[in-house]
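A.B. asks: Just the structure for this:
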Amino acid sequence: MTHFIRTDADLDAAIAALVATDPRMGDVLAFGGRPTLRKRDGGFAGLARIVMGQQLSTASAAAIWGRLAAAFDPFHHDTVRRARADKLARIGLSAPKIKAVKKIGEAISKGTLDLDALAASEADAAHAALTAVHGIGPWTADIYLLFCLGHADAFPAGDLAVQEAAKLAFNLKARPNAKELMALGEQWRPWRGAAAYLLWSYYHVAKGRSGTPASAKAASPKTPRTKSARKPAAKKPAAKKHKAKRKDT
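C.D. replies: Modelled structure (predicted):
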C-alpha cells in the first residue's frame, strides 16, 4: 500500500507510525521539534525547479528559476526543450542544467516519463522511473517524490543534512554515505519520508545550537551535554613582560 504525506494530518500520522516502529525517532522528534510540512508544485515545472536547485545556494537557485519561469510563460516542456541553448545560458543555466531540462522535456514529450503516473506508483518504482532520465539523480528524484507528490516512503539518503543529522542523532562515528543511510533507513519503511522530515528538523536545531553548520558538538537526544560533563577550562599562564607579542591566528 502506498502512503502519502500531503497534509499536516498526514504528516502527524506518519510521524506517529514511524515512532511506533523505531522509538529512537521519538527522541529525534523531541530534540528537533515537529517539522513543517513542505509542499511544492509538481509536473515539469516542479521537477525543473528542483534541478535548478542542484548544488546551488537557495538564493541563487531562486533567482535562476525566477528568470527561467518568466522567460517561458506558460512553462511547458515542449517550449523549454526546443529553446536555444544560448538563451538558456543567458538566463543563468549551466551546461549540465541545460542538458538536463531538455532531456526531461524530451522524455515527457515522448511519453517515456509520465509524471502523472508517478503519483500512483510505489515509491521505489517511481524513483527508478525518474532516475532513468538523464539529469535526474537520486536526490532530485526523492525530493520531487516527497515534496511534490507526497510519497511517504521517499527517502533522500544523499542529502548531506539528513546524513549529518543521522550521525549526530544516533552517535555514529562518521557521517553515513547514501548507501549506508539507505541501509539504516530500511527499518523505517514505509515511513522513510517522515524520517527525513524529522532528521531535517534535527539538523537545523543542532546547527543553530552549535553555531556552525552540522557541528559534531551539537547535542543529541541520547547524550545531552550538561555542565557536569564539561571539563573545566585550563587556566592560561600569566603573560610575562618583555616578550614578543602573540600573533593572531
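A.B. asks: what about residue 35, which SS state?
C.D. replies: Using DSSP: H, G, I helix; E, B strand; the rest coil, the structure places residue 35 in coil.
A.B. asks: so it makes contact with residue 197?
C.D. replies: Yes: the pair residue 35 / residue 197 is scored as a contact, 4.2 Å apart, by CB atoms under 8 Å. Bear in mind the C-beta positions are built from the backbone N, C-alpha and C, glycine included.
A.B. asks: Setting aside sequence neighbours, what's the nearest residue to residue 15?
C.D. replies: Among residues not flanking residue 15 along the chain, residue 194 sits closest, at 5.1 Å (CB to CB, 6 or more residues apart in numbering).
A.B. asks: Residue 42 now?
C.D. replies: Spatial nearest neighbour of residue 42, excluding adjacent residues (CB to CB, 6+ apart): residue 148 at 4.0 Å.
A.B. asks: who touches the one you found in this structure?
C.D. replies: By CB atoms under 8 Å, 6 or more residues apart in numbering, residue 148 lies in contact with 40-43, 46-47, 50.
A.B. asks: Just the buried subset of those, please.
C.D. replies: Burial by neighbour count, 16 or more other CB atoms under 10 Å: within the contacts of residue 148 this picks out 40, 42, 46-47, 50.
A.B. asks: can I see the domain layout of the chain?
C.D. replies: When the chain is parsed with automatic domain parsing, its domains come out as 8-37+155-210, 43-148.
A.B. asks: closest one to residue 1 among these?
C.D. replies: domain 8-37+155-210 (7.6 Å; CB to CB).
A.B. asks: which strands and helices sit next to the helix or strand the residue nearest to residue 15 falls within?
C.D. replies: In the assignment (DSSP states H and E), residue 194 maps to helix 192-210. Identification of packing neighbours for helix 192-210 by 3 or more CB pairs under 8 Å, 6 or more residues apart in numbering; DSSP states H and E yields helix 8-21, helix 24-32, helix 160-169.
A.B. asks: Show me what the second one is packed against.
C.D. replies: In this structure, helix 24-32 makes packing contacts with helix 8-21, helix 160-169, helix 192-210, judged by 3+ CB pairs under 8 Å, 6+ apart.
A.B. asks: centroid residue for this structure?
C.D. replies: With distances taken as CA atoms, centre = their mean, the chain has residue 159 as the residue nearest its mean C-alpha position (4.7 Å).
A.B. asks: Where does the residue lying closest to it once chain neighbours are set aside fall, secondary structure wise?
C.D. replies: Of all residues not flanking residue 159 in the chain, residue 139 sits nearest, at 6.2 Å (CB to CB, 6+ apart). Element membership for residue 139, per DSSP H and E: helix 138-143.
A.B. asks: Residue 79 too?
C.D. replies: Assessed by DSSP H and E, residue 79 sits inside helix 77-81.
A.B. asks: how far out from the middle of the chain is that helix?
C.D. replies: 27 Å (CA atoms, centre = their mean, to the nearest Å).
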